[in-house]
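In: sequence and computational prediction follow.
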Amino acid sequence: MKRISAIGWAAAMGLAACGNAPAPEAAPAAPLAFVTAYMCGETAAEIGMRGDETVLRVAGADHALAPAESASGAKYAAPGEEPETWFWSKGDRGLLTVAGTAYPECVKTGGEPRIEGLDGWTARGQEPGWRLTINGGKAEFTYNYGEQAYSALLPEPRAVEGGIAY
């Protein structure tokens, strides 16, 4: 009769338990700023900023992008990714390739690019009292303790090398 050591038995039980362990949950995606959403056929895609980095978010995966040369429009590609991952936009439409797979033409959805968590944002100050509110694509600035005010629509964002400018 063969004897199984306590260590061997524990290792075997540990391996057996691994097969029954629940799959780990995906970590929540870090928020993006200045997000523009697109639908590429049935696939949702978002382009936004995380710090100084341009990010493409597709199917729960984030791809860091860098500006790429294009004849027109704004093209961004994931440096060093093989097969290629890139997004090329012009107006309200774009072309998307992720890991070498081309998607149907992308169409911009929604309105203006957004900063996640910014809509309904308010800042306040004092001496003299002021308040800045950004909501619904509009900025409202009240100052001199509410005696004077200025409001304007937020400007149209545009892609520039390394980010988005207003």
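Out: Okay, I see it. Since the structure is predicted, the reported quantities are computational estimates derived from the model, not experimental observations. Numbers count the residues shown, from 1 in each chain.

In: pLDDT averaged over the helix or strand that contains Ile47 - what is it?
Out: Remark: Ile47 resides in strand 43-50, with elements defined by DSSP states H and E. For strand 43-50, the mean pLDDT works out to 90.

In: who touches it?
Out: In this structure, residues lying in contact with strand 43-50 by CB atoms under 8 Å, 6 or more residues apart in numbering are 30-39, 54-59, 62, 65, 76, 87, 89, 96, 103, 106, 113, 116, 163-164. Using the backbone N, CA and C atoms, a C-beta is placed for each residue, glycine as well.

In: 7 Å - rerun?
Out: With contact meaning CB atoms under 7 Å, 6 or more residues apart in numbering, strand 43-50 is reached by 30, 32-38, 54-59, 87, 96, 103, 106, 163-164.

In: in its sheet, what does that strand sit against?
Out: strand 33-40 (antiparallel), strand 53-58 (antiparallel) (DSSP bridges).

In: would a markdown table of those strands with distance to Ile134 and mean neighbour count be doable?
Out: Shown next, in a markdown table, are the strands paired with strand 43-50 (distance: least, CB to CB, whole Å; neighbours: other CB atoms under 10 Å):
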| stretch | distance to Ile134 | mean neighbour count |
| --- | --- | --- |
| strand 33-40 | 13 | 20 |
| strand 53-58 | 22 | 20 |
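
In: of all the ones you listed, which one comes closest to Leu132?
Out: For the strands paired with strand 43-50, the distance to Leu132 is smallest for strand 33-40, at 17.2 Å, taking CB to CB.

In: just the CA trace of that closest one, in CSV.
Out: Once non-C-alpha atoms are left out, strand 33-40 reads as follows in CSV (Å, rounded to 0.1, in the frame of the first residue of the first chain):
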residue,chain,number,x,y,z
ALA,A,33,-12.2,62.4,-19.0
PHE,A,34,-13.4,64.1,-22.2
VAL,A,35,-15.1,60.8,-23.3
THR,A,36,-16.6,60.6,-26.8
ALA,A,37,-18.8,57.5,-27.4
TYR,A,38,-19.2,55.7,-30.7
MET,A,39,-21.2,52.7,-31.9
CYS,A,40,-19.2,50.5,-34.3
